[in-house]
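[1] need a structure here:
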Amino acid sequence: MVAFMNGTDKSAGNNVVLIGMPGAGKSTVGVVLAKRLGFGFLDSDLVIQNREGKLLHEIIEEKGAEGFWQVEETVNASIEARRAVIATGGSVIYGSRAMEHLSEIGIVVYLKLSLESIAERLGDLNERGVTLRKGQDLAALYEERIPMYERYADITIDCEGLSIREIVAEIAERYRMECMR
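    Sure thing, here's the model as predicted:
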């Protein structure tokens, strides 16, 4: 269960917000990390699907990429959680209002992976609900998003070649250090 919070101090919220490319492992790592920290877990993509009553790819087909980003920004900007690991969708970084809010209520952790690893993990981009602009491929999307993830991240975890257990251990350690600042 995710408890609600008041205020916008990172230490008050004690949340961990996971960002990164689709396929980086935000949801998988998030569940394991939540268990390790004794936190709740919230997947913002599932919140979006629940709110809209549709799968991500259906929302994208209906509203287009930019329409989907507006829905995503509204949902992420309204999350109020305490002691939660929040796994966001890969395109959350397009919503400045959402990212400002998430940065205020938690420590933002960027799960970094190479383009090659992302491509290997993703499979069908449409079915995964990956928002691409007309004519854009995964490589161009990757190049566009990386600087944005880096800009918003309080902590960057290079996940290349690491197991879920190793990623979770590194996040937990760096999160604790960040909270002590």
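
[2] mind listing what's buried in the strand or helix carrying Arg174?
    Per DSSP states H and E, Arg174 falls inside helix 164-180. In terms of neighbour count (16 or more other Cβ atoms under 10 Å), helix 164-180 has its buried residues at Ile167, Val168, Glu170, Ile171, Arg174, Tyr175, Glu178. Every residue, glycine included, has its C-beta placed from N, CA and C.

[3] just put those residues in JSON lines and tack on distance to Tyr94.
    JSON lines is the format used below for the buried residues of helix 164-180 (distance: Cβ to Cβ, whole Å):
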{"residue": "Ile167", "distance to Tyr94": "25"}
{"residue": "Val168", "distance to Tyr94": "27"}
{"residue": "Glu170", "distance to Tyr94": "27"}
{"residue": "Ile171", "distance to Tyr94": "24"}
{"residue": "Arg174", "distance to Tyr94": "26"}
{"residue": "Tyr175", "distance to Tyr94": "25"}
{"residue": "Glu178", "distance to Tyr94": "25"}
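
[4] and after the helix of greatest length in the chain, which helix or strand comes next?
    What stands out as the longest helix in the chain, according to DSSP state H, is helix 56-77. Counting by DSSP H and E, the next helix or strand C-terminal to helix 56-77 is strand 84-87.

[5] go through whichever helix or strand comes after that next one and flag the buried ones.
    As assigned by DSSP H and E, the chain's next helix or strand after strand 84-87 is helix 96-105. For helix 96-105, the neighbour count (16+ other Cβ under 10 Å) marks Ala98, Met99, His101, Leu102, Ser103, Ile105 as buried.
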